[in-house]
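# My questions concern the predicted model and sequence given below.
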Amino acid sequence: MPHGRLVTADEVADAIVYLASATPGSTTGTYLAVDGGMQRVRSRPTS
């Protein structure tokens, strides 16, 4: 669900730090979308 604002550089950096740390030790083969919920949003065709 889109949250209605752009993602900040700090939010992207937080995701990178998380993935680069030892915290996600068992996380493999996943896609981390840091896009504010916009990944599955499709625009309606204009007529």
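Perfect, I can see it now. Numbering: from 1, shown residues only.

# For the helix or strand hosting A13, which outside residues touch it?
Using DSSP states H and E, the element containing A13 is helix 9-20. Helix 9-20 is contacted by residues 24, 27, 32, 34 when judged by CB atoms under 8 Å, 6 or more residues apart in numbering. In this view, the C-beta of every residue, glycine as well, is placed from N, C-alpha and C.

# Return the member of the residues you listed nearest to T46.
Nearest to T46 among the contacts of helix 9-20 is V34, at 28.8 Å by CB to CB.

# Give me the below-cutoff pLDDT ranges for this structure.
By pLDDT under 70, the weakly predicted segments of the chain are 1, 43-44, 47.

# ok, 80 please
Within the chain, the segments meeting pLDDT under 80 span 1-3, 24, 27-30, 38-47.

# Just give me the neighbour total for the residue lying closest to P2 once chain neighbours are set aside.
Spatial nearest neighbour of P2, excluding adjacent residues (CB to CB, 6 or more residues apart in numbering): G37 at 3.9 Å. When neighbours are defined as other CB atoms under 10 Å, G37 has 13 of them.

# So the residue nearest the centre of the chain: helix, strand or coil?
Among the residues of the chain, the one closest to the centroid is V34, at 1.4 Å (CA atoms, centre = their mean). Following DSSP: H, G, I helix; E, B strand; the rest coil, the label given to V34 is coil.
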